[in-house]
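Peer 1: next input, structure requested:
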Amino acid sequence: MPPLTLLILLLAALWAPAAAWAEKITIAAAADLKFAMDDVVTAFRQTNPGDEVEVVYGSSGKFFAQIQNAAPYDLFFSADIGYARELAKAGLAASEVRPYAVGRLVLWSASLDARGMTLASLADPRITRIAIANPRHAPYGQRAEEALRAAGVWAQVEPKLVYGENIAQTAQFVQTGNAQVGLIALALALSPELSARGGHALVPERLHQPLEQGFIITRRAAGSALARRFADFSASPPARAVMDRYGFVLPAGTSGR
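Peer 2: Here you go, the predicted structure:
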């Protein structure tokens with residue numbers, strides 16, 4: 001047998017067991033996790049180099065509907081834990097519902113100094129375009145509407161609103177100048193990309209229901225060891241440190257700080 005052929009066969013034999021054991025999972029993640037989850041996945045890959053983790057970001061409400069219709073997601077990280085609980089009640093989860101964070105809502109702008117803003121500032125006639133996520137299916141949009149109503153400025157602000165399909169698109173509207181101010185996730189405002197563009201002001205939590213977030217392993221991934229490993233890793237100190245860095249309030253347990 002020619003030496004080159006022998007070498008190819010040897011390399012194939014060495015690679016085959018690793019390929020056979022490698023797994024892939026697809027995660028449906030709320031858009032507020034865009035930067036944090038990317039960092040968590042990077043940390044996970046350091047100890048799981050042979051496995052593939054793909055993350056799709058979007059609206060929690062849309063993912064909820066897609067999973068009900070057998071969308072191929074192995075884990076679902078929802079910005080509203082209620083969606084995860086509903087899927088579990090429907091028998092579409094292969095794990096218990098695990099809380100992973102509480103999100104915070106902020107005012108953010110790339111063109112104005114948002115650091116001293118309040119919701120009352122949005123009634124200023126000089127502010128003509130304000131971005132929020134679509135309240136019909138995005139938890140951050142629902143909380144933004146609640147906060148605007150509680151602050152007594154909904155009637156003045158509603159005609160100025162532009163709606164993002166999810167909280168990441170909402171932030172993008174502000175980044176690109178399609179809105180002057182946005183009600184977005186603190187986790188996005190703290191990202192290197194957005195924090196370099198503008199400051200933010202926290203929206204008082206008393207003005208809206210908590211953004212309690214939770215995840216499940218879906219029924220589709222009931223037999224996936226990789227899905228279970230990633231679920232466990234998401235509660236580990238390295239993962240919690242990432243979430244803490246992006247401003248999420250963590251469940252009780254080992255602090256990420």
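Peer 1: in stretch 194-205, which residues are buried?
Peer 2: Neighbour-count burial for stretch 194-205 flags 194, 197-201, 203 (criterion: 16 or more other CB atoms under 10 Å). All C-beta atoms are positioned from the backbone trio N, CA, C, and that covers glycine.
Peer 1: I'd like those residues as CSV, with pLDDT, secondary structure and distance to D39 appended.
Peer 2: Listed next are the buried residues of stretch 194-205 as CSV, based on pLDDT from 0 to 100; DSSP: H, G, I helix; E, B strand; the rest coil; distance: CB to CB, whole Å:
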residue, pLDDT, secondary structure, distance to D39
L194, 96, helix, 15
R197, 94, coil, 19
G198, 94, coil, 21
G199, 95, coil, 22
H200, 98, strand, 19
A201, 98, strand, 25
V203, 98, coil, 24
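Peer 1: could you work out the most separated pair of the residues you listed?
Peer 2: For the buried residues of stretch 194-205, the farthest-apart pair by CB to CB is R197 and V203; their separation is 19.0 Å.
Peer 1: mind listing the strands for the stretch 101-250 of the chain?
Peer 2: With DSSP state E, counting those that start in this stretch as the criterion, the stretch 101-250 of the chain has strands at 105-108, 130-133, 161-164, 181-185, 200-202, 211-217.
Peer 1: nearest to I81, of those strands?
Peer 2: Evaluated over the strands of the stretch 101-250 of the chain, closeness to I81 peaks at strand 211-217, with 3.4 Å, by CB to CB.
Peer 1: so what are the sheet partners of that closest one and their directions?
Peer 2: Strand 211-217 sits in its sheet next to strand 75-78 (antiparallel), strand 98-103 (antiparallel), going by DSSP bridges.
Peer 1: pick the most buried one from the ones you listed.
Peer 2: By mean neighbour count, with neighbours taken as mean count of other CB atoms under 10 Å, strand 75-78 ranks first of these at a mean of 28.
Peer 1: quick one, whichever helix or strand comes after that strand and strand 98-103 angle?
Peer 2: Note on strand 75-78: by DSSP states H and E, the next helix or strand toward the C-terminus is helix 81-89. If you take axes from the mean of the first three to the mean of the last three CA atoms, to 10 degrees, helix 81-89 sits at 160 degrees to strand 98-103.
Peer 1: what mean pLDDT does helix 81-89 get?
Peer 2: The average pLDDT for helix 81-89 rounds to 98.
Peer 1: pull out the buried positions in it.
Peer 2: Neighbour count says helix 81-89 has 81, 83-84, 86-88 buried, by 16+ other CB under 10 Å.
Peer 1: could I get those residues as JSON lines with distance to F230?
Peer 2: Converted to JSON lines, these look like this (distance: CB to CB, whole Å):
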{"residue": "I81", "distance to F230": "18"}
{"residue": "Y83", "distance to F230": "19"}
{"residue": "A84", "distance to F230": "15"}
{"residue": "E86", "distance to F230": "22"}
{"residue": "L87", "distance to F230": "18"}
{"residue": "A88", "distance to F230": "18"}
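Peer 1: and the residues you listed, which is closest to Q213?
Peer 2: Checking the buried residues of helix 81-89 against Q213 by CB to CB gives I81 as the nearest, at 5.8 Å.
Peer 1: low pLDDT regions in the stretch 1-150 of the chain?
Peer 2: Applying pLDDT under 70 to the stretch 1-150 of the chain flags residues 1-21.
Peer 1: for it, what spans make up the helices?
Peer 2: Counting by DSSP state H, counting those that start in this stretch, the stretch 1-150 of the chain has helices at residues 3-21, 34-47, 60-68, 81-89, 139-150.
Peer 1: how far does the second one sit from the chain's center?
Peer 2: Once both centres are worked out by CA atoms, centre = their mean, to the nearest Å, helix 34-47 turns out to sit 12 Å from its chain's centre.
Peer 1: which outside residues touch it?
Peer 2: When contacts are defined by CB atoms under 8 Å, 6 or more residues apart in numbering, helix 34-47 is touched by residues 27, 29, 51, 53, 55, 57, 77, 168, 187-188, 191-193, 230, 233-234, 238-239, 242-243, 245-246, 248.
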